[in-house]
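[1] coords please:
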Amino acid sequence: MTIIPAPLDSDLVYVAQIVGGHGIHGVLKIQCFLDNPHDFKLYSPIFDTSRKKYRFDVLSITPKHILARLDGIHDRTEADALKGLKLYIERSALKSLSEEEYYQRDLLGATVLNTEREIIGKLLHIHNYGAQDILDISLNDGTMILVPFQKEIVPEVSPNSDHPEKGFVIIESAYLASVLAPPDNSKDT
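    Here you go, the predicted structure:
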């Protein structure tokens with residue numbers, strides 16, 4: 001399952017972030033969050049949160065970073081001044097997703113159900129620390145749990161792009177029981 005981060009309050013989708021300058025001639029190093037970093041070249045213009053438009057001249061693409069030029073940026077100091085700038089595209093510019101791909105904003109706030117379809121909580125965040133997507137869920141009793149976003153554990157997802165709270169995520173009841181079981185503190189001697 002693939003998640004593409006997106007802000008909840010706009011029609012913009014977060015696709016990249018400037019991480020600083022590269023070299024002394026104003027080249028920008030950009031971290032791209034698209035599944036295929038080469039798709040970055042397909043989107044123009046790219047915006048910041050104030051909807052200022054940017055048109056990048058992509059120089060090279062690696063799995064981790066994009067190196068690009070931007071008009072008006074001529075040296076390392078100017079490039080480094082843009083460090084942390086989040087880059088967005090309009091949602092309407094995105095390609096259609098396959099069956100098991102979702103935009104994060106379409107899932108955040110979704111109702112969380114167990115396999116018996118009982119409401120157990122709400123999906124608050126989706127994290128990715130490099131290995132896989134992790135669902136951050138607030139259960140009805142206030143307990144917070146982190147759940148790996150894997151088909152065996154999360155067998156069904158129904159996003160709703162118009163209103164995330166109308167979507168749902170199902171978590172395997174057996175997994176929930178194992179996570180929520182009190183620890184066994186008895187020691188075998």
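
[2] quick check: which element contains the residue lying closest to Lys86 once chain neighbours are set aside?
    Closest residue to Lys86 in three dimensions, ignoring its sequence neighbours and counting by Cβ to Cβ, 6 or more residues apart in numbering: Gln17, at 5.1 Å. C-beta coordinates here come from the backbone N, C-alpha and C atoms, glycine included. Element membership for Gln17, per DSSP states H and E: strand 12-22.

[3] show residues contacting that strand.
    4-7, 27-34, 40, 43, 46-47, 49, 51, 65-67, 76-80, 82-91, 94, 103, 105 (Cβ atoms under 8 Å, 6 or more residues apart in numbering).

[4] what about 6 Å?
    The contact list for strand 12-22, computed with Cβ atoms under 6 Å, 6 or more residues apart in numbering, reads 5-7, 28-34, 67, 76, 79-80, 82-83, 85-89, 91.

[5] swap in stretch 172-181?
    Residues from elsewhere that reach stretch 172-181 (Cβ under 6 Å, 6+ apart): 114-115, 145, 153.

[6] buried sites along that stretch?
    Residues 172, 175-176 are the ones in stretch 172-181 that count as buried (16 or more other Cβ atoms under 10 Å).

[7] what about it, average pLDDT?
    When pLDDT is averaged along stretch 172-181, the result is 91.

[8] convert it to PDB, retaining C-alpha atoms only.
    Coordinates of each C-alpha in stretch 172-181 appear next as PDB, following Å, rounded to 0.1, in the frame of the first residue of the first chain:
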ATOM      1  CA  GLU A 172      -7.600  -7.400  12.100                       C
ATOM      2  CA  SER A 173      -9.200  -8.200  15.500                       C
ATOM      3  CA  ALA A 174      -6.500 -10.800  16.300                       C
ATOM      4  CA  TYR A 175      -3.800  -8.200  15.800                       C
ATOM      5  CA  LEU A 176      -5.600  -5.800  18.000                       C
ATOM      6  CA  ALA A 177      -6.000  -8.400  20.700                       C
ATOM      7  CA  SER A 178      -2.300  -9.100  20.600                       C
ATOM      8  CA  VAL A 179      -1.400  -5.400  20.800                       C
ATOM      9  CA  LEU A 180      -3.800  -4.600  23.600                       C
ATOM     10  CA  ALA A 181      -3.200  -7.700  25.700                       C
END
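
[9] low pLDDT regions in the chain?
    1-10, 161-165, 185-189 (pLDDT under 70).

[10] show me how the record splits it into domains.
    Domains of the chain are assigned by automatic domain parsing as 2-92, 102-180.

[11] tell me the SS of Leu135?
    For Leu135, the assignment made with DSSP: H, G, I helix; E, B strand; the rest coil gives strand.

[12] was I right about it contacting Ile145?
    No. The pair Leu135 / Ile145 is not scored as a contact, 8.4 Å apart, by Cβ atoms under 6 Å.
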